[in-house]
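In: Next comes the sequence, and after it the predicted model I'd like to discuss.
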Amino acid sequence: MSALRASILLALAVISAPLAARDVVDASEPTGLAVTIYRDPYSGFDRDNPGGFAMISETRSVTLPAGESTIRFEGVAEGMIAVSAIVSGLPGGTIEKNRNAALLSPAALVDGTLGNRVTITRTNPATGQEESEQAIVRTRADGGIVLQTSQGYEAVRCSGLPEKLIFDTIPDGLSAQPVFSIDTRDETGGTYEVTLTYLSWGFDWQAHYITTLLQGDRRGRQYAKMLSWLTLVNDNAQSFDNAELLVVAGTLNVESDFEELAEPPRGESLRLRCWPRGNTAAGSPSYPYPPAPAPPPAMMADSIVVTGTRMQKAAFESASPVAVMAGEENLGDLKLFRVPEPITVQAKGLKQVAFLDKDRVRGELIYEAACDLYGRVYQDDQFGPAQLIFQTENDERHGLGVSLPQGGVTVFEPSRAGDLLIGEDEIRDYPIGQEVEINLAESTRVFQQCARTGEIEQSEKDRADWRQLRAAVTNSGSQSAQVRLEIGRSSDIEVRRTRGLKLRNGAHVIETSVGAGEEREFLIWVRDI
């Protein structure tokens, strides 16, 4: 009989073993952090609603008991995409992973204490004395709080008296920071160093270039100083202290909707519904708003002062020499910029890191004009301004030789009154070896004209109509100007009988020099393809 009882007990123990509660173990605070930020591939930089993401790697230590246990990683990013999380360094791997949705909040505190005791404290308005008693929470927090006291049942903060609830403990499973947990198994137990890697929504970055034009030389070469900053934004409520910071430039193919997958946990507030005045039928009385204050008296005409602010270059530059400079690395077809020193990525904050500081970039000033059948065509003798461009090569010979991520450009020019803003532009990604163009401003000395002459010739070979355009470029300045006249895309039109014609970046162009006080005229024959 005793042998049969022992067999039954052993079988029950085997069956119930998987149902035994797992030990809950908290991982340590991160001892190592790496944050790699990817910019929004579909839209521009938005500080208030960043559309990029980051890959975050956290190194932590954990002490596991023998058998199965649950590891809690507290303080992960609230924009964490749980399905992307990978934990390495565990001997038993991962059985299951979970994202804890409940944050410590007034509503969660009440819901977690449902059926348990709390202390309610009231202040007597006549004496100022506080009176406390024990009560049991009988309802959830989504419509009001009902307590059971020695006097019966009552709603919190519906008596008109100052009241507060005191909770002795925090319910299990609640944390002030987002928590990610996994279930694992270790046959012997021990202390391990693990790495948690995951994607998180709510990050972004952009590049911005400060370009100052310098004095050119007699050969017509123009020089410029270029300084660029990476601006990073972290919209999460968590900071990443002393992290290895990296940013990735280039177009990344993203198919998933990371914003929808993130689902950050939320702390719910209390919504107490009661009527301390009036009654439940009439509700609380509604009082009109007080009238708006009268406007101040108008100023006398002779006391009006108009002030203005000139945009200063100093507002864009660092107040001290650049101490930390991000270095460039290859990442497949993308570019990786690594900050050489640990950086703290603040919660709900911006961070700027320099990645380009070139004192003398060599290029030239180009005046760009256009004349085509369907584009910039002027009537009669009307002239329009040409576009002034700073053009250079992205190589070491011209003073660059680094990848230039997409971003804004602010251009200054020295003057007797200091460096003055002359233009702003947006550039695309420029890898090493490509020609770089920065739009400066509309020219005040080089103008263009484009008109149809009305001349039409028909090709004997294919009966296609050739149309004649007349382009004119004038230079009212005291120095010669390098002009590039764009006629149209080579995929759209064909051009013939035009001197100086060449192909450039898929377009038919004429490049020429127009002397000081000179006007050049071009007759161009074109037809549609």
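Out: Received it, and whenever you're ready, just let me know what you need.
In: Going by C-alpha atoms from here, please, whenever you check contacts or count neighbours.
Out: OK.
In: after the helix or strand harbouring residue 61, next one along is what?
Out: Assessed by DSSP states H and E, residue 61 sits inside strand 52-64. The first helix or strand that comes after strand 52-64 along the chain, using DSSP H and E, is strand 67-74.
In: what is residue 507 paired to in the beta sheet?
Out: Beta-bridge partners of residue 507, counted by DSSP bridges, are residue 489, residue 504.
In: scratch that, residue 436
Out: Bridge pairing for residue 436 (DSSP bridges) gives the partners residue 392.
In: in the strand holding residue 61, what counts as buried?
Out: Within strand 52-64, the residues that qualify as buried by neighbour count (16 or more other CA atoms under 10 Å) are 52-62, 64.
In: For the residues you listed, name the two members farthest from one another.
Out: Using CA to CA, the two most remote members of the buried residues of strand 52-64 are 52 and 64, lying 35.7 Å apart.
In: and of the buried residues of strand 52-64, the nearest to residue 411?
Out: Each of the buried residues of strand 52-64 was checked against residue 411 using CA to CA; the closest is residue 52, at 27.3 Å.
In: what's near enough to touch the nearest residue to that closest one once chain neighbours are set aside?
Out: Nearest non-adjacent residue to residue 52, counting by CA to CA, 6 or more residues apart in numbering: residue 40, 4.0 Å away. Taking CA atoms under 8 Å, 6 or more residues apart in numbering, we find residue 40 in contact with 50-53, 204.
In: The same query, at a cut-off of 10 Å, please.
Out: With contact set as CA atoms under 10 Å, 6 or more residues apart in numbering, residue 40 has these partners: 46, 50-53, 202-206, 251-252, 254.
In: Tell me how far the residue nearest to the spatial centre of the chain lies from residue 355.
Out: The centroid of the chain falls nearest to residue 204 when counting by CA atoms, centre = their mean (2.3 Å). Remark: distance between residue 204 and residue 355 (CA to CA, to the nearest Å) = 16 Å.
In: And the residue nearest to residue 52, what's its pLDDT?
Out: Note for residue 40: predicted pLDDT of 87.
In: tell me which element it is part of?
Out: Using DSSP H and E, residue 40 maps to neither a helix nor a strand.
In: What of residue 109?
Out: helix 106-112.
In: Likewise for residue 268?
Out: Residue-wise, residue 268 maps onto no helix or strand under DSSP H and E.
In: okay, the buried residues of strand 52-64 in TSV with distance to residue 453 next?
Out: Putting the buried residues of strand 52-64 into TSV (distance: CA to CA, whole Å) gives the following:
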residue	distance to residue 453
52	51
53	55
54	57
55	60
56	63
57	66
58	69
59	72
60	76
61	79
62	82
64	86
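In: Mind picking the one among those that's closest to residue 421?
Out: The shortest distance between residue 421 and any of the buried residues of strand 52-64, using CA to CA, involves residue 52 and amounts to 30.4 Å.
In: Can you pull the poorly scored residue ranges out of the stretch 1-150 of the chain?
Out: Counting by pLDDT under 70, the stretch 1-150 of the chain shows low-confidence ranges at 1-21, 101-102.
In: residue boundaries of the helices in it?
Out: 2-16, 106-112 (DSSP state H, counting those that start in this stretch).
In: for the stretch 401-529 of the chain, same thing?
Out: Remark: no helices are assigned in the stretch 401-529 of the chain by DSSP H, counting those that start in this stretch.
In: how about the strands of it, start to end?
Out: When secondary structure is read from DSSP state E, counting those that start in this stretch, the stretch 401-529 of the chain shows strands at 407-413, 420-427, 435-458, 465-475, 481-489, 493-496, 501-504, 507-514, 519-528.
In: Give me the helices and strands touching the third one, please.
Out: Judged by 3 or more CA pairs under 10 Å, 6 or more residues apart in numbering; DSSP states H and E, the packing partners of strand 435-458 are strand 349-370, strand 384-393, strand 407-413, strand 420-427, strand 465-475, strand 481-489, strand 519-528.
In: Give me the mean pLDDT for the fourth one.
Out: Within the predicted structure, the mean pLDDT of strand 420-427 is 92.
In: Enumerate every residue touching residue 70.
Out: If you count contacts by CA under 10 Å, 6+ apart, residue 70 has them with 21-27, 64, 94-97, 181-185.
In: If we use 8 Å, what do you get?
Out: The contact partners of residue 70, taken as CA under 8 Å, 6+ apart, are 22-25, 181-184.
In: Format the residues you listed as a markdown table; extra columns: neighbour count.
Out: Supplementary listing: those in a markdown table, determined by neighbours: other CA atoms under 10 Å:
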| residue | neighbour count |
| --- | --- |
| 22 | 16 |
| 23 | 14 |
| 24 | 16 |
| 25 | 16 |
| 181 | 20 |
| 182 | 18 |
| 183 | 19 |
| 184 | 20 |
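In: Could you dump those into JSON lines with distance to residue 242 added?
Out: Converted to JSON lines, the contacts of residue 70 look like this (distance: CA to CA, whole Å):
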{"residue": "22", "distance to residue 242": "34"}
{"residue": "23", "distance to residue 242": "31"}
{"residue": "24", "distance to residue 242": "28"}
{"residue": "25", "distance to residue 242": "25"}
{"residue": "181", "distance to residue 242": "24"}
{"residue": "182", "distance to residue 242": "26"}
{"residue": "183", "distance to residue 242": "29"}
{"residue": "184", "distance to residue 242": "29"}
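In: Return the member of these nearest to residue 384.
Out: Nearest to residue 384 among those, counting by CA to CA, is residue 181 at 65.3 Å.
In: Surely that closest one touches residue 99?
Out: Yes: under the criterion of CA atoms under 8 Å, residue 181 makes contact with residue 99 at 6.4 Å.
In: Helices along the stretch 251-400 of the chain, start to end?
Out: Listed in chain order, the helices of the stretch 251-400 of the chain (DSSP H, counting those that start in this stretch) span residues 258-262.
In: low pLDDT regions in it?
Out: Residue ranges of the stretch 251-400 of the chain with pLDDT under 70: 265-267, 271, 273-324, 375-381.
In: just the strands in it please.
Out: Chain-ordered strands for the stretch 251-400 of the chain, with DSSP E, counting those that start in this stretch as the definition, fall at 327-331, 334-338, 343-345, 349-370, 384-393.
In: before we move on, back to that, in strands, which of the contacts of residue 70 appear?
Out: When DSSP state E is applied, these are split such that 23-25, 181-184 fall in strands.
In: from those residues, which single one is nearest residue 149?
Out: Top of the list for closeness to residue 149, among the ones in strands among the contacts of residue 70 and by CA to CA, is residue 24 at 34.5 Å.
In: Residue 193 contacts residue 87, doesn't it?
Out: No: in terms of CA under 8 Å, residue 193 does not count as a neighbour of residue 87; the distance is 10.5 Å.
In: quick revisit: who wins for proximity to residue 218 among the strands of the stretch 401-529 of the chain?
Out: For the strands of the stretch 401-529 of the chain, distance to residue 218 was read as CA to CA. The smallest value, 12.9 Å, belongs to strand 481-489.
In: And that closest one, what does it pack against?
Out: The criterion is 3 or more CA pairs under 8 Å, 6 or more residues apart in numbering; DSSP states H and E, and the helices and strands that strand 481-489 contacts are strand 349-370, strand 507-514.
In: how big is the angle separating the shortest one from strand 435-458?
Out: Orientation note: strand 507-514 sits at an angle of 100 degrees relative to strand 435-458 (axes from the mean of the first three to the mean of the last three CA atoms, to 10 degrees).
In: Tell me the buried residues in strand 507-514?
Out: For strand 507-514, using 16+ other CA under 10 Å, the buried residues are 507-511, 514.
In: Great, nothing more from me.
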